[in-house]
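[1] how would this look folded up:
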Amino acid sequence: MNSKQAVVFDLGGVLIDWNPRHLYRKMFDGDEERMERFLSEICTPEWNVRQDEGRSFAEATEELIARHPEQAELVRAFFDRWPEMIGGAINETVEILAELKGAGREIYALSNWSAETFPHTRDRFQFLDWFDFTVISGEVGVVKPNREVFDFLLEKTGRRAEECVFIDDSLENTTAARDLGFDAIHFRSPRQLRDELVKRGILP
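    Just a heads-up that it's a prediction; the model follows:
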């Protein structure tokens, strides 16, 4: 294992507990069935990924309200109350990040995230300043698992894929990274991640 190998982290679901259910459970008074229907039929993951690609929330919100005017309050809340979707840091993974930083390992972030909402997140979590380089999809206009966003990271850092370990909670993204030559870890828990990094000789 290359002792100079860099580690690339996804953010949401790996280091930060982002989940729209943190907000909508309150708005639906705990009615899980209605909430899940709303998130699968109205403010869907496919709708949200367009903001991760760079579409403005203003455009996205008005487009959706035009189709579902009866849901206007709930749709507007997706952006207006977006900070309430953050449950907090995933502390055990942040501890791993701190160990890597303290050991002098190069660490990068590569995340599907809206350019409009990421500044709120950066202000909230100091550890986001630890990265040697950060790629936010909404700022570059392309999302994982598209090859272009991985190529952008490699170009800007001067790395080859084979020199990077990539960590993401999306199997689709880790599969794409592995196909490009990254050593990819499908994140399922901080304990599992630590075990994977120890196995690779990246953590003691």
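
[2] just say helix, strand or coil for residue 30.
    coil (DSSP: H, G, I helix; E, B strand; the rest coil).

[3] and it, how many neighbours?
    Residues lying near residue 30 (other C-beta atoms under 10 Å) number 9. No exception for glycine: its C-beta is placed from N, CA and C like everyone else's.

[4] so it versus residue 8, what's the distance?
    37 Å (C-beta to C-beta, to the nearest Å).

[5] report the contact partners of residue 106.
    Going by C-beta atoms under 8 Å, 6 or more residues apart in numbering, residue 106 touches 4, 6, 7, 132, 157.

[6] try 6 Å
    Residues in contact with residue 106 (C-beta atoms under 6 Å, 6 or more residues apart in numbering) are 6, 132.

[7] can you report phi and psi for it?
    Dihedral pair for residue 106: phi -70, psi 130, per degrees, to the nearest 10.

[8] can you check the pLDDT for it?
    Residue 106 carries a pLDDT score of 97 in this model.

[9] okay, now the domains of this structure?
    The chain breaks down by automatic domain parsing into domains covering 6-17+88-199, 19-85.

[10] pick the most buried one from these.
    Among these, ranked by average contacts under mean count of other C-beta atoms under 10 Å, first place goes to domain 6-17+88-199 (a mean of 18).

[11] quick one: it to chain centroid distance?
    8 Å (C-alpha atoms, centre = their mean, to the nearest Å).

[12] cool, and stretch 70-83?
    In terms of C-alpha atoms, centre = their mean, the centre of stretch 70-83 is set 20 Å apart from its chain centre.

[13] got the contact list for the lowest-mean-pLDDT helix or strand in the chain?
    Ranking every helix and strand in the chain by mean pLDDT, DSSP states H and E puts helix 118-124 at the bottom, with a mean of 92. Applying C-beta under 6 Å, 6+ apart, the contact partners of helix 118-124 are 83, 128, 136.
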